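[1] Task: produce atomic coordinates for the following.
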Amino acid sequence: MERLLKIYFLILVNLFFVRSTNLLHDDSTIFSIKYNKWYEFNEELSKEKEILNFTTPDREKYLCILPTVKNEEEKKLSSYFGPHPSELISPLIKGKICSYLVDVYWSYEVCHGKHIIQYHEDRDTKKRVEYYLGNIVFQTPKEKYFDHLNPPKKQIQGKDIPYYSVQYKSGTICDLTGKPRNTSLLYICVEKAKDIVISQVEVSVCQYEIIVATDRLCSHPSFKTPEKKEHIISCFLKEPKDRVDPYPKRLLHELKEKEQDIANELSMIIGNNIKVKVKRIENPKDLEFDVEEENFSDNIDSKNDPEKYVDHEDNSFGSFSNKDKQISLPNMDFFDSEDQSDIISEMKVNGDIKSFNDLDVNKQYAIARNVAKRITLNRIRRNFFNGEQCIIGGKEWWKHKFCLESYIQQYHGKPGDADYKVLNLGFFDHASHVKWITADKSRLPTVNEGKIIQIRQFYMGGSVCDENQQPRQTEVRIRCDKNLYKKKSDAIQLYMEEPTQCKYILTIASGTFCDKMDGFVPYGYININNDQIESDMTQKIFEIYEAYSKIKNKDTSTVKEDKHLEEVKERIHDDL
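    Have a look, this model is predicted:
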C-alpha cells in the first residue's frame, strides 16, 4: 500500500520520470508514465497486473497499470560463489605492486599490502619530506567480511559505486592529534583500469581516504554497475472519455508555460525580427521548433490552432523601424556573439559615442580601428591558437584551467558537489608581467630560426596560500613542440609543477602553436598590428558607431516621444 501511495503522489505532481525506493534497490530502474485514451485500454493485457485507480484535483479519473519489476541483479549476486574481493586483489600484494598519485605539491605512494606514503621532494634542494599514512595490518574476520548482497557504496561523480576497503594503520604520528595517521584504501571496479590511484582526501584530521580504480574486481557481480532499465506505467483516462488529449490539465498547463518560455528565449537569442513557433508532437516531453523571418503579417497559421502552438512575436524592431524611418541599424552578422558583446562593451566605456558623428573622419576611424584591434585580440585569446578557448587538463585529483592572458584555476569536482574546491593560481596583469619579464632577460620570448618557439608569462594575485599566507603565482610557458608539429598532431600537452610552495610553473606545449606565436613580441604578450585586422572589420565598426551615435542623439532631442516607443528603444539598446 505504501508503494502505491508513493506512485499516486508522483503521478499527481505530473513527473515524467519517477523513482520509488520501495520498488528499487538502486537508481538503475526508471519509471516512465505514458498517458493513453480510454479506448486503448485492453482488459486482457492488464490481467495479473497491479492496478491503481486515482482521481486528480481536476476530477479526472485514471486507471494505471503498474509494471512488474524483477530484480535480476539480486539473482546474479545470490548465485555467485566465486572468489572473495580480497582474493581478487591479492596479486597486487603478492606482486609487490605500488601505485602512485602525483598531485600539485604532495605525491602519494601506495604499495599494496605494505604501506602508504605522502611525500614532497624539493626540486632545487633535493630534500624529501615524507609521512607514512598507514601500514598494512592483519585483517580480522570481521574486517575481512564482505556482504556481496549489500556491498558498501560511495558516491563518486554523482553515482553510488560499490567498493572493497582495506585499512592501513599506525602511520606517522600526527602533530595535531598526537595519534598515528590512518588510511582507508578503497578499491572500485573500473573496466581496463590498471590499479590507478584516482583520488586522495583527508576526511578528518590525519585520517585519509584513497580510492584505487582497478579491473581486478570487475569479475565480481557486486562491483558491476547495473544497466539502467525503464519501465512504463500506463495510465488511461476514464473520465472525461471524450477529451482529445489524455494528459492531465495541470500537466498541459505546465507544458504550455514551458513552451512559451522556450519561445521567448529563442526569439531573444535569434533576433527581434524572427518569429518562433513551439509545437508539441506525439509525446508532451518532445517539442518541435519552427523558426522563420517575421513578416509582421496578421495571417499566422498557428493562431488558428491555439491548442497546438505557442507563438512569440517580438515586433520591437519592426515597430521602431516603421515609426522612425530615418534610423536604420546596420547588420551585425559579420560578427559572432562574442564580437558583438565586445563592441557593446567598448560603446559603454567610450565617451565619444554620442558625439561620434561630430568628430573628424580620421578621429572616427581611429576609434573604430582601436575597437577592431580589441576584437581581434579577444578572438585570439578566445580561440587560443584554435584550442577552443580556455585549455583544461589533468586526470588526477586536481584539474587545471588556463585562459590565455586572463587567469589560471586549479579545481576538483563540479559546482554543487560536496567536495568541490577551486583555487586561483594567478591573474594576468600587463604591468606586472612587463615588470617581471624585464627583470630577467632570459624570460623574453625564445626565438629559433627567426620564429618564436616559446613565450613566458607571469600570473599573480591568486588565492592566498595556507602555508605562507602569500598569494599564489604562476609562470606560464607556452611552447611550440617541434616533434608534435612534424607528426601533424593536434595534441596539447599540459604540465604543472610546484618547485616551491604555492609558486607554480605551467607548461603548455603543442605542435599547433608553431608559426602562431610571432604576435607575442617584444614582451611575451599579444601585440596586435594593423595587418592582423580583417580588412572589413574597421569599416563595419565605423558603420555601427555611426548608426548608434544617431540613435543616442535622437534620444536626447526627442523628449516628448511616445512612451511605448521609448521603451522599445531602450530594449534595442540593451539587446545591442
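[2] My read is that residue 136 contacts residue 92, right?
    No. Between residue 136 and residue 92 there is no contact under C-beta atoms under 8 Å: 11.3 Å. For every residue, glycine as well, the C-beta is placed using N, CA and C.
[3] what's the overlap in contacts for the two?
    Here residue 136 and residue 92 have residue 113 as joint contacts, going by C-beta atoms under 8 Å, 6 or more residues apart in numbering.
[4] Okay, buried residues for the helix or strand where residue 92 lies please.
    Here residue 92 sits within helix 90-94, counting by DSSP states H and E. For helix 90-94, burial by neighbour count (16 or more other C-beta atoms under 10 Å) applies to residue 92.
[5] tell me the mean pLDDT for it?
    Mean pLDDT, computed over helix 90-94, is 89.
[6] Contacts made by it with the rest, please.
    By C-beta under 8 Å, 6+ apart, helix 90-94 touches 97, 112, 113, 114, 195, 214, 216.
[7] 6 Å instead?
    For helix 90-94, the external contacting residues (C-beta atoms under 6 Å, 6 or more residues apart in numbering) are 112, 113.
[8] So which elements touch the helix or strand following that helix?
    Going down the chain from helix 90-94, the next helix or strand is strand 98-102, by DSSP H and E. The contact analysis (3 or more C-beta pairs under 6 Å, 6 or more residues apart in numbering; DSSP states H and E) places strand 98-102 against strand 107-111, strand 196-204.
[9] go again using 10 Å as the cut-off
    strand 107-111, strand 115-121, strand 196-204, strand 207-214 (3 or more C-beta pairs under 10 Å, 6 or more residues apart in numbering; DSSP states H and E).
[10] looking at these, which is closest to residue 34?
    For residue 34, the closest of those is strand 207-214, at 38.8 Å, according to C-beta to C-beta.
[11] quick one: buried residues of whichever helix or strand comes after the closest one?
    Next helix or strand after strand 207-214 toward the C-terminus (DSSP H and E): strand 229-239. Neighbour-count burial for strand 229-239, with 16+ other C-beta under 10 Å as criterion, is recorded at 233, 234, 235, 236, 237.
[12] Ok, stretch 250-257 next?
    By neighbour count on 16+ other C-beta under 10 Å, the buried set for stretch 250-257 is 251, 255, 256.
[13] Just the closest of the residues you listed to residue 448, please.
    residue 255 (62.7 Å).
[14] correct me, but the closest one touches residue 35?
    No. Look at residue 255 against residue 35 with C-beta atoms under 10 Å: they stay out of range, at 11.9 Å.
[15] show me the contacts for residue 178.
    residue 206 (C-beta atoms under 10 Å, 6 or more residues apart in numbering).
[16] pLDDT score for the closest residue to residue 118 other than its chain neighbours?
    Nearest in space to residue 118, with sequence neighbours left out and distances taken as C-beta to C-beta, 6 or more residues apart in numbering, is residue 131 at 4.8 Å. As summarised for this prediction, residue 131 has a pLDDT of 93.
[17] out of the buried residues of strand 229-239, who's nearest residue 86?
    Scanning the buried residues of strand 229-239 for proximity to residue 86, where the rule is C-beta to C-beta, the winner is residue 233, at 42.4 Å.
[18] Need the pLDDT of the closest one.
    pLDDT, read off for residue 233, is 86.
[19] Find the nearest non-adjacent residue to it, please.
    Nearest one to residue 233, counting by C-beta to C-beta, 6+ apart, is residue 33 at 4.9 Å.
[20] for the stretch 1-150 of the chain, which spans come out with low pLDDT?
    1-29, 70-79, 104, 123, 140-143 (pLDDT under 70).
[21] tally of neighbours for the closest residue to residue 83 other than its chain neighbours?
    With C-beta to C-beta, 6+ apart as the criterion, residue 83 has its nearest non-adjacent residue at 7.4 Å, and that residue is residue 220. When neighbours are counted by other C-beta atoms under 10 Å, residue 220 registers 22.
[22] Pretty sure residue 220 sits against residue 148.
    Yes. The criterion here is C-beta under 10 Å, and residue 220 meets it with residue 148 at 7.3 Å.
[23] Find the residues that touch each one of those two.
    Common neighbours of residue 220 and residue 148 (C-beta under 10 Å, 6+ apart) are 77, 80, 82, 84, 85, 162.
[24] now the strands for the stretch 351-500 of the chain?
    391-393, 399-403, 407-412, 421-428, 446-448, 451-460, 473-480, 492-500 (DSSP state E, counting those that start in this stretch).
[25] closest one to residue 65 among these?
    So among the strands of the stretch 351-500 of the chain, strand 407-412 is nearest, using C-beta to C-beta, at 46.1 Å.
[26] Contacts for the closest one, please.
    104, 199, 201, 390, 392, 394, 396-403, 419-428, 457, 459, 461-463, 472-474, 476, 496, 504, 506.
[27] Identify the farthest-apart pair in the shared contacts of residue 220 and residue 148.
    Farthest pair in the shared contacts of residue 220 and residue 148, by C-beta to C-beta: 82 and 162, 15.3 Å.
[28] Have a look at the two and say which one is more surrounded.
    Comparing residue 82 with residue 162 by other C-beta under 10 Å, the one with more neighbours is residue 162, at 24 against 10.
[29] isn't that one right up against residue 190?
    No. Counting by C-beta under 10 Å, residue 162 stays clear of residue 190, with 11.8 Å between them.
[30] who touches both of the two?
    In terms of C-beta under 10 Å, 6+ apart, residue 162 and residue 190 are both contacted by the residues 217, 223, 225.
[31] returning to that earlier point: which phi and psi values does the residue nearest to residue 233 adopt?
    Main-chain dihedrals, residue 33, degrees, to the nearest 10: phi -90, psi 130.
[32] So for stretch 111-121, what gets flagged as buried?
    Applying 16+ other C-beta under 10 Å to stretch 111-121 flags 111, 112, 115, 116, 117, 118 as buried.
[33] my guess is residue 461 contacts residue 473, does it?
    Yes. Residue 461 lies in contact with residue 473 (C-beta under 10 Å); the separation is 7.5 Å.
[34] Can you pull the residues that touch both of these two?
    Taking C-beta under 10 Å, 6+ apart as the criterion, residue 461 and residue 473 both touch 425, 426, 427, 432.
[35] Max pairwise distance over these: which two?
    The widest separation within the shared contacts of residue 461 and residue 473 (C-beta to C-beta) is 14.4 Å, between 425 and 432.
[36] higher neighbour count, those two?
    Neighbours of residue 425 and residue 432, each counted by other C-beta under 10 Å, are more numerous for residue 425; the result is 28 against 16.
[37] pretty sure that one contacts residue 458?
    No. If you go by C-beta under 10 Å, residue 425 and residue 458 don't touch, sitting 11.7 Å apart.
[38] Please enumerate the shared neighbours of those two.
    Joint contacts of residue 425 and residue 458 (C-beta under 10 Å, 6+ apart) are 473, 474, 476.
[39] Now stretch 200-212: average pLDDT?
    For stretch 200-212, the mean pLDDT works out to 89.
[40] Render the CA-only coordinates of that stretch in PDB, please.
    The C-alpha atoms that make up stretch 200-212 are tabulated as PDB, following Å, rounded to 0.1, in the frame of the first residue of the first chain:
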ATOM      1  CA  GLN A 200      43.100  11.200  -2.100                       C
ATOM      2  CA  VAL A 201      41.200  13.100   0.600                       C
ATOM      3  CA  GLU A 202      41.800  13.900   4.300                       C
ATOM      4  CA  VAL A 203      38.300  13.000   5.700                       C
ATOM      5  CA  SER A 204      39.300  14.300   9.200                       C
ATOM      6  CA  VAL A 205      42.500  15.400  10.900                       C
ATOM      7  CA  CYS A 206      45.200  12.900   9.800                       C
ATOM      8  CA  GLN A 207      42.600  10.400   8.700                       C
ATOM      9  CA  TYR A 208      42.700   9.700   5.000                       C
ATOM     10  CA  GLU A 209      40.800   8.000   2.200                       C
ATOM     11  CA  ILE A 210      42.400   6.900  -1.000                       C
ATOM     12  CA  ILE A 211      40.500   5.400  -4.000                       C
ATOM     13  CA  VAL A 212      42.100   2.900  -6.400                       C
END
